[in-house]
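K.L.:
A predicted structure for the sequence below; I have some questions about it.
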Amino acid sequence: MKTKLFLIAILFAIGCTPASNSNSAKSGANAEVKKGVAPVADNEIAVIEMENSAAYGNIKIELYSNIAPKAVARFKELAREGVYDGVTFHRINQSVIQSGDPLSKDADPSNDGTGKSDKPNVPAEFSDILYDTGIVGAARSQDVNSANSQFFITLKREQGFDNKYTIFGKVIEGMNNVRTISGVQPKDGERPVEPIRIKTVKIEAK
């Protein structure tokens, strides 16, 4: 029962149930989708440095301000303020690895996945870019305009996410490290029992 409640608490709209079958998909149906715009990488990239670099290495992400300017601006802002320093990848399943929750820094695993920054939520910036391997998206609740600090990286093609979750970047180096993180065991539900912690996220010139 405890595990079941924990899973409910951390469930975001990008869960294992296909988005087309969820209430969040219905609320997202009326959100504007930017169509026919190719992503253009910013002149800055994000570098996720893991606390256990020997095991998990780094992950480099290109960012798409021309697709999701508000989401990219928020991600850069939080990274520069150190909000992501010490957060964990609190959610790992066959579809995604997810991080960015400030509450995952504390010693209480039951609240992991339920938190956000102290800044206002970011409105949806949906696009017709496909959710393929390595896409970085903004996690949210059923409210399409509830993205804030949490983000996820896809492990494979996820058709059910298309046009429903803000895409703001893509992994350009370190996808092998993403897969290493995704394979960590043991887990309590979707949360690794031993924290997989981010040391810092740096915003660097290309």
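P.N.:
Good, I have the coordinates. Numbers count the residues shown, from 1 in each chain.
K.L.:
what distance separates stretch 171-187 from the centre of its chain?
P.N.:
With C-alpha atoms, centre = their mean, to the nearest Å as the basis, stretch 171-187 stands 13 Å off its chain's centre.
K.L.:
with stretch 66-74 instead?
P.N.:
Taking mean C-alpha positions (C-alpha atoms, centre = their mean), stretch 66-74 and its chain are 14 Å apart.
K.L.:
pLDDT of that stretch, averaged?
P.N.:
Mean pLDDT, stretch 66-74: 98.
K.L.:
longest helix of the protein?
P.N.:
In the chain, ranked by residue count with DSSP state H as the criterion, the top helix is helix 69-81.
K.L.:
packing partners for the helix or strand just after that helix?
P.N.:
Per DSSP states H and E, the first helix or strand lying C-terminal to helix 69-81 is strand 91-92. Judged by 3 or more C-beta pairs under 8 Å, 6 or more residues apart in numbering; DSSP states H and E, the packing partners of strand 91-92 are strand 96-99, strand 191-192. Every residue, glycine included, has its C-beta placed from N, CA and C.
K.L.:
wait, which of those strands is closest to A107?
P.N.:
Checking the helices and strands packed on strand 91-92 against A107 by C-beta to C-beta gives strand 191-192 as the closest, at 13.6 Å.
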